[in-house]
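Peer 1: 3D, please:
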Amino acid sequence: MTPHLRFVASVCLALSLGLSACSRDKPAVAARPTADPMQVQAPDNLLSQLTLGAAQQVQVAETLRVAGTIDFDEFGLTRIGASVTGRVNRLYAHLGQYVKTGDPLAQIHSSELSSAQLAFLKARSQTELLRRNAQRARTLFEADVISAAELQRRENEYEVTATEMRAAMDQLRVLGMSTAAIERLADTGIIDSNATVSATLSGVVVERKVASGQVVQPSDAMFVVADLKRVWAVAQVPEQQVGQVRVGQAVLIEVPALDNEKLVGKLIYVGQTVNPDTRTVLVRTELDNRDGRLKPAMLASMLIQSNPQPQLTVPSRAVVREDDEDHVFVETAPGQFRLTRVKLAPEREGQRVVLEGLQEGTRIVTDGAFHLNNHRNLAADSDGD
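Peer 2: Now for the predicted structure:
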């Protein structure tokens, strides 16, 4: 090795030994432990403001809210039609009118009615004639003028015509004539081809499906009259929740049109079948409507309260919202707490039912959780700096 190369090697060795010595002399930097951002130590002045309690079982009645509507009480609803085939020649009732039982709603001109009246008058006349013949035959038989067979023949003729007259009278009743009107027809012999359609229920005309000049038949519904002093509230309960409802159960009805005023009622009907399309069961309650504020087809919400059941709850004031989730402060040691995420049901009477995240008896902050969370956030910001 030349003198020049020996010099370069010596310099490199000296530099290497110097760097190694510097590396041994430099102290190592210890890694700082990472603090739990959910854990907090409450100072004495804050600790005195906190109230601790335990998550505990409380009797809670679940409230089931289902959408519904106001409907007619079907026991106070009647569809009124013509009793004869004919043409409407007069209308007395209009939509929204209040009518009483027996009030005329419309008048129908019917050739069917006049034919039936004529048949009745003929049968009545023939019956009267044969009745007199039978009486005369009875007198002649007693005088030994005619035989018993002749008497029997005349009495049979009278009985047949009497039966035909009663059948004709029944037909007039079917066509809507009252007993008084039939007696008047028998006395006067005047045929009236106009039939009156009368109200069979006191209430409000809620539908009118006929116009003047229209031809109607007995199968046609001309008017719908409803007694609106009582109405129904009906709703569809999902089949998964139908076990929470029963007949006689108290319910509250909220009607948006009445500023969500709560009306008190009770279930009078729970359906026995499930609607295969909606997978729901029909429920119904009855409401007093003498003031007329409730209108059929109004939207309503039905709040059904179930029987109280023991459920794990925490006070609503113990809940802290953090990152759009519910939390509570769980005591981990005296003066130390951990912000713990929980899943809770909506608030009811100042309590929140615990769905997951806590066990019965767990010690939590029930009052002052908001201030404790502010202290935790300030402490976390200080540590970050």
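Peer 1: hang on, isn't residue 358 packed against residue 352?
Peer 2: No: between residue 358 and residue 352 there is no contact under Cβ atoms under 8 Å: 10.4 Å. From N, CA and C alone the C-beta is placed, and that goes for glycine too.
Peer 1: comparing the two, which shows the higher neighbour count?
Peer 2: residue 352 (23 against 20; other Cβ atoms under 10 Å).
Peer 1: any residues in contact with both of residue 358 and residue 352?
Peer 2: residue 314 (Cβ atoms under 8 Å, 6 or more residues apart in numbering).
Peer 1: could you pull up the residues touching the residue at minimal distance from the centre of the chain?
Peer 2: For the chain, residue 235 is the residue whose C-alpha lies nearest the centre (Cα atoms, centre = their mean; 1.7 Å). Taking Cβ under 8 Å, 6+ apart, we find residue 235 in contact with 66-69, 282-284, 300, 302.
Peer 1: number of nearby residues for the residue nearest to it when sequence neighbours are not counted?
Peer 2: Once flanking residues are discounted, residue 235 sits nearest to residue 68: 3.1 Å by Cβ to Cβ, 6 or more residues apart in numbering. Number of residues near residue 68 (other Cβ under 10 Å) recorded here: 25.
Peer 1: and residue 68, bridged to which residues?
Peer 2: Here residue 68 sits in beta bridges with residue 235, residue 300, as judged by DSSP bridges.
Peer 1: was I right about residue 365 contacting residue 318?
Peer 2: Yes: here residue 365 lies in contact with residue 318, judged by Cβ under 8 Å, at a distance of 6.2 Å.
Peer 1: anything in contact with each of these two?
Peer 2: Contacts common to residue 365 and residue 318, judged by Cβ under 8 Å, 6+ apart, are 328-329.
Peer 1: which residues does residue 361 contact?
Peer 2: 54-56.
Peer 1: cutoff 6 Å now
Peer 2: Shown in contact with residue 361 (Cβ atoms under 6 Å, 6 or more residues apart in numbering): residue 54.
Peer 1: phi, psi of it?
Peer 2: Main-chain torsions, residue 361, degrees, to the nearest 10: phi 90, psi -10.
Peer 1: pLDDT wise, what is it at?
Peer 2: On pLDDT, residue 361 comes in at 92.
Peer 1: quick check: buried residues in the longest helix along the chain?
Peer 2: The residue-count maximum for a helix in the chain (DSSP state H) belongs to helix 111-142. Buried residues in helix 111-142, defined by neighbour count with 16 or more other Cβ atoms under 10 Å: 112-114, 116-117, 119-121, 123-124, 126-127, 130-131, 134, 137, 141.
Peer 1: I'd like the next helix or strand past that helix.
Peer 2: Remark: after helix 111-142, the chain's next helix or strand is helix 148-174, criterion DSSP states H and E.
Peer 1: got the angle between the very next helix or strand once past that next one and helix 148-174?
Peer 2: Moving toward the C-terminus from helix 148-174, the next helix or strand (DSSP H and E) is helix 179-188. Counting by axes from the mean of the first three to the mean of the last three Cα atoms, to 10 degrees, helix 179-188 lies at 130 degrees to helix 148-174.
Peer 1: helices and strands around the next helix-or-strand element following helix 179-188, which ones?
Peer 2: Next helix or strand after helix 179-188 toward the C-terminus (DSSP H and E): strand 194-198. Contacts defined by 3 or more Cβ pairs under 6 Å, 6 or more residues apart in numbering; DSSP states H and E place strand 194-198 against strand 104-109.
Peer 1: each with direction, which strands does the strand it packs on pair with?
Peer 2: Sheet pairing for strand 104-109, using DSSP bridges, gives strand 86-91 (antiparallel), strand 194-198 (antiparallel).
Peer 1: now it: buried residues?
Peer 2: Buried, per 16+ other Cβ under 10 Å, within strand 104-109: 105-108.
Peer 1: now do stretch 223-232
Peer 2: Applying 16+ other Cβ under 10 Å to stretch 223-232 flags 223-228, 231-232 as buried.
Peer 1: reformat those as CSV; add secondary structure.
Peer 2: Below are the buried residues of stretch 223-232 laid out as CSV (DSSP: H, G, I helix; E, B strand; the rest coil):
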residue, secondary structure
223, strand
224, strand
225, strand
226, strand
227, coil
228, coil
231, strand
232, strand
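Peer 1: and which of those residues is nearest to residue 313?
Peer 2: Taking Cβ to Cβ as the measure, residue 232 is the one of these closest to residue 313, at 35.1 Å.
Peer 1: for that closest one, list the residues it contacts.
Peer 2: So residue 232 contacts 71, 73, 284, 286 (Cβ under 6 Å, 6+ apart).
Peer 1: so what's the backbone phi/psi at the third one?
Peer 2: Spelled out, it's residue 284. Dihedral angles (degrees, to the nearest 10) for residue 284: phi -150, psi 140.
Peer 1: what helix or strand does the nearest residue to it once chain neighbours are set aside sit in?
Peer 2: Sequence neighbours aside, residue 269 is the residue nearest to residue 284 in space, at 4.1 Å (criterion: Cβ to Cβ, 6+ apart). Using DSSP H and E, residue 269 maps to strand 261-270.
Peer 1: no more questions from me, cheers.
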